[in-house]
Every structure is written in structure tokens, then in C-alpha cells.
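Colleague: Please work out how this folds:
(one chain, ligands or ions: 1)
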Amino acid sequence: MNILVLNCGSSSLKYQLIDSETENVLAKGLCERIGIDGRLKHEPTGGEKFVSENPLPDHTAAVQAVIDALLDAEHGVIKSVSEIHAVGHRVVHGGEYFAGSVLINDDVKKALEVCSDLAPLHNPANLIGIAACEKLMPGIPQVGVFDTAFHQTMPEKAYLYAIPYKYYEKYKIRKYGFHGTSHKYVSLECAKMMDMPIEELKIVTCHLGNGGSICAVRNGISVDTSMGFTPLDGIAMGTRSGSVDPAAVLYLMKKEGLSVDEMDRILNKESGVLGISGVSSDFRDIEAAETEGNERAATALDTFSYRVAKTIGEYVAAMKGVDAIVFTAGLGENSATTRQVICDYLRYLGIHLDSYKNSLRGQAVEITTRQSRVPVFVIPTNEELMIARDTKEIVENLKK
Ligand code: ADP
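Modeller: The predicted structure is shown next:
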């Protein structure tokens, strides 16, 4: 079964066509600048990349451009649209409605509209992407895979904030958590690498990219995670503050006469390691600045690693133990130094890194020595594959 995996943003659309039997990617690409001018970068596996700059006025035009690229005589990988058997959408927010992936129908779309209030930057784009596919590929089953779904197993004590309960009832203000597809994927892969049933493991997964979150996965389910009501909470990130005393936010708004939107921008776009270092939100730039002696860059990296290590400690406590720790995403997969610094804090758990293994790149690998009491892994995340797997399962069940 060929599954088109789509990740629709407000002005971008990432895609992969995956053969779900072999789990091979047949082609992948990205539409950018939708609604501005338009650019499509397409990469057939084993073939030549190509870029087209035709206008993409809206998401329907972008989905059409993706279909055209997949069918292209020179760069395409399929001969007819009927070779796309299902579409899997990455959807950011499923609220309390979805604890797993679902076949998209009218009820699901209505629920997604309600959730748009909780994710105003993301869910509307997902809905537009779904409508575009319905128009251009009528009758092809579409599945929604939610960033929040994996965390719906969190107990009340983990997801409730200590504010008046009526606000949870009235507005559903609670911790939702994000990056669920990634946390689920790497925890499953970790269990495979350990050759253990996931139902018997306590794993802390660290998704460290531009955005970052940490998750406590006990017996295969999420029991706590660091992002909250929105992806702003938790550890410090590229440009996001992570958790801050809410009173500091109120104080700053008063002192600087900031509007809600201005404060929102500061916390989401001007904070994190960018805010502390004043250098960049990209960890490579900050690491380079630190090497050149920039003290604030060093402080930003120290603060980041310290908070990650503390959060791992929290989750070890939450699960009353830990059997494995996993690093994933751009920084988690690529920065040996960051992993080293974080794992130094974790020596009390009997963790010992193997510096050679920690220096390896681009593969799933255990990076601890044999003597380490808790193994630590680097596992490249693959959210698209997880979406394709869920989509395949749901579509196959339809036929039964
Ligand atoms: P997202 O999907 O959240 O945009 P990614 O998972 O692609 O983010 O991660 C991007 C982050 O990973 C960037 O901040 C980048 O600096 C960091 N990163 C990627 N490669 C390296 C590297 N070799 N060393 C340090 N940081 C890296």
C-alpha cells in the first residue's frame, strides 16, 4: 500500500510517499511559500532532486503540485493517482478527543475545528490540507495522526495544573503534550533494540530539536511529558522559553507595557537559547560561538543541558525507575557534546557513556558502555514512518 504522508503548515507542506509493505520512502519533498509565491522541492529516492517555482496560491494548489511531481514523467515514482492508496496527515492538536489515530470523517473534522482554538497556528492548516486531498483524491481514505494523542494516557495528577478546576472544565486548560508520534516511535524502537517487550520498560525519551520535549514512557504509554497546554512549556528550546514563573511574565508585561501578542512573541520567538545567548536559535551556531569564547553562548548551552538533565530526573522519579534513555531529533541525534553534558549529570544513575559510540552519527546506536547500569540510545526519529504505519493499520481494518 502506498501512503502519502502530509504535514501541512500555514505556508508549507512536507510530504513523503511511503510503500507501507517495505517501509521504503519512494519520494519526499516540500512545498514552501504557499500563498506567497511558491516553491516545490521534490526528491525521488535514488533519483535526481528537482525544484519547481510555479505559483502555489493555496494548499489545494500545493497538493496538486505534489501529485504532479509524484506522477512526473521524469522525476515521478507512480503512474496514476490510483497508486496512492491512503493519505496520513500529521495533525498537531487532537485535544481530549483523540487518544489514537483515526479515519477522517465529518465528525473528526468538526472535532478538529473545535481543537483549532487550542492550536490556532497549526490545526487550520491541517484542515485545509484535508479538504484539498478530498477535492483532488476523492474517495481515498485519509487518516489523522495527532501530536497530542500519545500523551492522552497521562494520569490526572500529571496533566492537571493547580489552578481553579473550573478552568479545566470550562476551557480544557491542562497539559496535552506534543511530539507524541516521535516519542512513541523512538520508545518502540528502543524496546526493539533492547530486545524487550515495551510493556516491561520504563523509558525516558528526549526529543531535542528546534522545539524540544521529554517524555516518561512506562510500559509503552506516556505517563508525563514536558510540553504542556501548548508547546511553549518545559525545557528551554531554540526560541521558546520553556517553563517560566508565570508571575515573571505578568511582571514583565506590566513593566514594559506589553500586549498579550507582544509577550507571546517574546516567549515563543525571542527566548530559549536564542534569548540567552543573543547569538542564534541554531545550536550549531551557539556551539561555534562557545568555542570562540562567547560566554553567553556557553551559559545558554549550560542552561539548556541542565534543564534537560533535571527533567530526566523528574521522570525517573515519576516512573520510580528507568530502564533506558533515548535521545532523538536534530540536536539529540547530532550533538555528541550536548549528550555528554546531560549524561554527566546522570552519573548517579550509574550511566557511563562510551565516547566512541557517542561520536557516531546517523544511525540508531547504544552510546553507553557495557558497565552502564542504564543504557542510553541515540535513535533517529521517523514521524512519517509512524504516521504511515498507523494509516496502514486503520485502512486495513476498514477492509475487514
Ligand atoms: P525541528 O524539526 O524542531 O525544526 P530538528 O529536529 O530538525 O528541529 O532540529 C533542529 C536543531 O538541531 C537545530 O537547532 C540544529 O542546530 C540542531 N542540530 C542539527 N545538527 C546539529 C549538530 N550537528 N550539532 C548541533 N546541533 C545540531
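Colleague: Every contact and neighbour count from this point should use C-alpha atoms.
Modeller: Fine.
Colleague: Poorly predicted segments of this structure, please.
Modeller: Filtered on pLDDT under 70, the chain yields no residues whatsoever.
Colleague: What is the host helix or strand of Met193 packed up against?
Modeller: According to DSSP states H and E, Met193 maps onto helix 180-194. When contacts are defined as 3 or more Cα pairs under 8 Å, 6 or more residues apart in numbering; DSSP states H and E, helix 180-194 packs onto strand 142-146, strand 202-208, strand 324-328, helix 383-399.
Colleague: want to throw these into TSV with mean neighbour count and distance to the ligand?
Modeller: Putting those into TSV (neighbours: other Cα atoms under 10 Å; distance: least, Cα to the nearest ligand atom, whole Å) gives the following:
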stretch	mean neighbour count	distance to the ligand
strand 142-146	27	16
strand 202-208	28	6
strand 324-328	24	8
helix 383-399	19	10
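Colleague: Throw those into TSV and include distance to Ala99, thanks.
Modeller: TSV is the format used below for these (distance: least, Cα to Cα, whole Å):
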stretch	distance to Ala99
strand 142-146	8
strand 202-208	19
strand 324-328	23
helix 383-399	13
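Colleague: Quick one: name the residues of this structure near the ligand.
Modeller: Gly209, Asn210, Gly211, Gly238, Asp282, Phe283, Arg284, Ala329, Gly330, Leu331, Asn334, Ser335 (Cα under 6 Å from any ligand atom).
Colleague: before we move on, what SS does the residue lying closest to the third one once chain neighbours are set aside have?
Modeller: For Gly211, the nearest residue in space outside its immediate sequence neighbours is Met237; the separation is 5.4 Å by Cα to Cα, 6 or more residues apart in numbering. Reduced to three states with DSSP: H, G, I helix; E, B strand; the rest coil, the structure at Met237 is coil.
Colleague: any idea how far Lys269 is from Met237?
Modeller: 10 Å (Cα to Cα, to the nearest Å).
Colleague: repeat for Val308
Modeller: To Lys269, Val308 is 20 Å away according to Cα to Cα.
Colleague: Looking at the two, which has the bigger crowd around it?
Modeller: Val308 (26 against 17; other Cα atoms under 10 Å).
Colleague: for the stretch 251-400 of the chain, what spans make up the strands?
Modeller: Ranges of strands in the stretch 251-400 of the chain, per DSSP state E, counting those that start in this stretch, are 324-328, 365-366, 376-378.
Colleague: For the shortest one, name the packing helices and strands.
Modeller: When you say that, I think you mean strand 365-366. Packing partners of strand 365-366 (3+ Cα pairs under 8 Å, 6+ apart): strand 376-378.
Colleague: so what secondary structure elements neighbour the strand it packs on?
Modeller: Against strand 376-378 (3+ Cα pairs under 8 Å, 6+ apart) you get strand 324-328, strand 365-366.
Colleague: With that, I have no additional questions.
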